[in-house]
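Student: let me see the structure of the following:
(2 chains)
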Amino acid sequence: MRWERLKYSDKFWAAILLAPNFIGFLVFILFPMIASFFLSFTEWDLLTDIKWIGFGNYQELASDETFWKVLWNTLYYTLGTVPPGIILSLILAVALNQPIRGVKTYRALYFLPVISSSVAVAVVWQWLYNPEFGLLNYILSLFGIEGPLWLTSTTWAMPAVIITSIWKNLGFNMLLFLAGLQGIPDTYYEAAEIDGANGFAKFRYITLPLLSPTTFFVVVMSIISSFQAFDLVHVMTQGGPARSTSVLVHYLYQNAFQYFRMGYASAIAYVLFFLVFIVTMIQLKRHDTWVVY
Amino acid sequence: MKRVRIETILAYLILTLGAATMVLPFLWMVSTSLKSLSEVFVFPPTFFGERIVWQNYLRISERYPFGQFFLNSIKISAVVVFFQVFTSSMAGFAFARLKFPGRESLFALYLATLMVPFHVTLVPTFVLMRFFGWIDTHYSLILPSLVTAFGTFLMRQFFLTIPVELEEAARIDGCTPFGIYARIFLPLSKPALATLAIFTFMGTWNDYIRPLVFINSISKMTVPLGLASMQGSYSTDWPVLMAGTVISLAPVLIAFLLAQEFFVQGITLTGLKG
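Tutor: Coordinates of the predicted model:
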């Protein structure tokens, strides 16, 4: 008879339905996040005993020149990928929103890099960037430009990775913008046309303001994901040459799994978390001032 | 009237130029994969070699078990997708529709972890896997991915949109909370479930850093890791390397072209809601 009552109980079913999820959440999400925080105050190579060193890792980070270089590279990568990526994908989305044929075909083509694995993309672009026999420098030579050494040049390796990253994510951002554009009612444009607005005025005074929630969202997500860049860098350049493309997560990976400095790697992870946290907070706070309607 | 046409022509121009930029690397990859090594190193480069060298495709499978990589990736992705849809929908239902003490604070905890980058968990997860002796096994790729706060959040948000009247009517008819979940909510949420499934599949199939950290033996590698390790040993044999890349991409690209709507909808929905 207890079952009769139990089987209508919300609490009972909530416990049953939540249990598998909650166990996984506890063991593989919450525990690692907290453990990482404590590890960041220790020194540990996995073999000898863990040693508590307080803020030692963070102090070392502050005076670690490589860390500052890596932090700068991450910023460079973010500034290099986010603004051009946003502008290009917005232009494409506006073009795709015109009354044209073959929207689906275009959309599919722009989406090919998005669904491709970043490893495959990195390998293909490595070949395109080949200084002597690569397609890219050949195309540049047609315009009388002598292409750089790309991935083996300390100056050009980062721009090369940035270009590849923009290329890979363009279709995704374009699609988000397209969804935003399709949410703007035609009546606004019709009203503006009656008032004599030209194409640019319509874009400036209707599209941009009404699209601002989407733009804001895409900017924030792009910044957060560019802080976490790893795959392209690791496959294309291994962070080189001379650390010119080494970014935060790459340095984290090296410290943890090449130098076996688990505590130091955890401290880097928490710096990454801190950066993402700041951007998220700005998103929560600034949403009202950025979104203009 | 005339201005509209200029805008349309401009749109075609921009889109075609962009699409060419998107497609050219893929075409170049296929073209290189069918050339002989000597033909790759000619200047100016040609798009078609003198003859088609299919042997490049045979040469990769001699040293790199791509068949095995695919089986590994399929196995891991299938298990992860199945369980993630399962755990996310159950917990999402509990969070959206069942009343229990501490619901709001528990959900807030889930939400809070969404802010934390995945890489923060990498070192402790590695330590955990090492403790259980699961390094270099597929457990290390499957188990930590069975539950995500994101999936739970996505399903909860979707379940919140289902009208409460349906649930009330079912309760009056004597349906249990589990019955409401299994017989009413699940059938109504096929689009959301498909979205989550696609999103999870893409993430698991293309994942690189986890296999890189957890897997060492070639026979246990996933497709991206196998390709990356092949790149290490064939660093200048571009035709063979491109053949491997073509093989690694082909199934996903074909699946995408066949079920484009499905992919695109899934990814935009999760993108917008996430």
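
Student: sketch out the low-pLDDT regions of the chain for me.
Tutor: Unless you meant another one, I'm taking chain A. Applying pLDDT under 70 to chain A flags the ranges A:1, A:286-293.

Student: wrong chain, I was asking about chain B
Tutor: Residues of chain B that meet the criterion pLDDT under 70 lie in B:1-4, B:266-274.

Student: where does the closest residue to chain A within chain B sit: helix, strand or coil?
Tutor: As assessed by CB to the nearest CB, chain A sits closest to B:V147 within chain B, at 2.9 Å. Placement of C-beta: from N, CA and C, glycine included. Using DSSP: H, G, I helix; E, B strand; the rest coil, the structure places B:V147 in coil.

Student: and the residue lying closest to it once chain neighbours are set aside, what element?
Tutor: Nearest non-adjacent residue to B:V147, counting by CB to CB, 6 or more residues apart in numbering or on different chains: A:G24, 2.9 Å away. Taking DSSP states H and E as the criterion, A:G24 maps to helix A:10-25.

Student: domain parsing for chain B?
Tutor: Using automatic domain parsing, the domain parsing of chain B gives B:2-57, B:64-233.

Student: reformat these as a markdown table; add mean neighbour count and distance to A:V124.
Tutor: A markdown table is the format used below for these (neighbours: other CB atoms under 10 Å in any protein chain shown; distance: least, CB to CB, whole Å):
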| stretch | mean neighbour count | distance to A:V124 |
| --- | --- | --- |
| domain B:2-57 | 15 | 5 |
| domain B:64-233 | 19 | 10 |
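
Student: where exactly do the helices run in the stretch 51-200 of chain B?
Tutor: Under the criterion DSSP state H, counting those that start in this stretch, helices of the stretch 51-200 of chain B are mapped to B:55-63, B:66-97, B:103-114, B:122-132, B:139-142, B:149-160, B:164-172, B:177-179, B:186-188, B:190-206.

Student: reformat those helices as JSON lines; add distance to A:I145.
Tutor: Formatted as JSON lines, the helices of the stretch 51-200 of chain B follow (distance: least, CB to CB, whole Å):
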{"stretch": "helix B:55-63", "distance to A:I145": "31"}
{"stretch": "helix B:66-97", "distance to A:I145": "38"}
{"stretch": "helix B:103-114", "distance to A:I145": "45"}
{"stretch": "helix B:122-132", "distance to A:I145": "41"}
{"stretch": "helix B:139-142", "distance to A:I145": "44"}
{"stretch": "helix B:149-160", "distance to A:I145": "44"}
{"stretch": "helix B:164-172", "distance to A:I145": "64"}
{"stretch": "helix B:177-179", "distance to A:I145": "67"}
{"stretch": "helix B:186-188", "distance to A:I145": "58"}
{"stretch": "helix B:190-206", "distance to A:I145": "34"}
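
Student: quick check: the gap between the residue lying closest to B:F47 once chain neighbours are set aside and A:A256.
Tutor: Leaving aside its chain neighbours, B:F47 sits nearest to B:S31 (5.5 Å; criterion: CB to CB, 6+ apart). From B:S31 over to A:A256 the distance is 39 Å, taken as CB to CB, to the nearest Å.

Student: got the phi and psi for A:E43?
Tutor: When quoted as degrees, to the nearest 10, the phi and psi of A:E43 stand at phi -120, psi 130.

Student: quick one: contacts for B:L34?
Tutor: Taking CB atoms under 8 Å, 6 or more residues apart in numbering or on different chains as the contact definition, B:L34 lies against B:G49, B:I52, B:V53, B:W54, B:N56, B:P239.

Student: the domain parsing of chain A - what is it?
Tutor: A:2-39, A:62-290.

Student: near chain B, which residues of the stretch 151-293 of chain A?
Tutor: A:167, A:170-172, A:175-176, A:179, A:198-199, A:217, A:221, A:224, A:227-228, A:230-231, A:234-235, A:249, A:252-253, A:256-257, A:262, A:265-266, A:269-270, A:272-273, A:276-277, A:280 (CB under 8 Å from any CB of the partner chain).

Student: in chain A, which residue sits closest to chain B?
Tutor: Counting by CB to the nearest CB, chain A gets nearest chain B through A:G24, at 2.9 Å.

Student: and for that residue, the neighbour number?
Tutor: A count of nearby residues for A:G24, using other CB atoms under 10 Å in any protein chain shown, gives 22.

Student: for the residue nearest to B:F47, what are its contacts?
Tutor: Contact analysis of B:S31 by CB under 8 Å, 6+ apart lists B:F47, B:F48, B:G49.

Student: returning to that earlier point: would a markdown table of the helices of the stretch 51-200 of chain B with distance to chain A be doable?
Tutor: Rendered in a markdown table, the data for the helices of the stretch 51-200 of chain B read as follows (distance: least, CB to the nearest CB, whole Å):
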| stretch | distance to chain A |
| --- | --- |
| helix B:55-63 | 12 |
| helix B:66-97 | 4 |
| helix B:103-114 | 5 |
| helix B:122-132 | 4 |
| helix B:139-142 | 11 |
| helix B:149-160 | 6 |
| helix B:164-172 | 8 |
| helix B:177-179 | 4 |
| helix B:186-188 | 12 |
| helix B:190-206 | 4 |
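
Student: of those helices, which approaches A:E60 most closely?
Tutor: helix B:122-132 (16.4 Å; CB to CB).

Student: return the distance of that closest one from the chain's centre.
Tutor: Centroid displacement of helix B:122-132 relative to its chain, using CA atoms, centre = their mean, to the nearest Å, is 23 Å.

Student: could you list the alpha-carbon positions for the host helix or strand of A:L252 in PDB?
Tutor: Under the criterion DSSP H and E, the helix or strand holding A:L252 is helix A:248-257. Presented in PDB, the C-alpha positions along helix A:248-257 are these (Å, rounded to 0.1, in the frame of the first residue of the first chain):
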ATOM      1  CA  LEU A 248      46.300  29.800 -22.000                       C
ATOM      2  CA  VAL A 249      44.800  26.300 -22.400                       C
ATOM      3  CA  HIS A 250      47.900  25.200 -24.300                       C
ATOM      4  CA  TYR A 251      50.100  26.200 -21.400                       C
ATOM      5  CA  LEU A 252      47.700  24.500 -19.000                       C
ATOM      6  CA  TYR A 253      48.000  21.300 -21.100                       C
ATOM      7  CA  GLN A 254      51.800  21.500 -21.200                       C
ATOM      8  CA  ASN A 255      52.100  22.000 -17.400                       C
ATOM      9  CA  ALA A 256      49.700  19.300 -16.600                       C
ATOM     10  CA  PHE A 257      50.600  16.600 -19.100                       C
END
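
Student: residues making contact with that helix?
Tutor: A:66-67, A:70-71, A:74, A:227-230, A:233-234, A:239, A:246, A:261-262, A:264-265, A:268-269, A:271-272, A:275, B:119, B:122-123, B:126, B:209, B:212-213.

Student: how far off centre is it?
Tutor: 17 Å.

Student: likewise stretch B:155-166?
Tutor: Centroid separation between stretch B:155-166 and its chain, computed with CA atoms, centre = their mean, is 26 Å.

Student: quick check: end-to-end length of it?
Tutor: Length of stretch B:155-166, first residue to last, CA to CA, to the nearest Å: 18 Å.

Student: and what of stretch A:172-190?
Tutor: Using CA to CA, the end-to-end distance of stretch A:172-190 comes to 29 Å.
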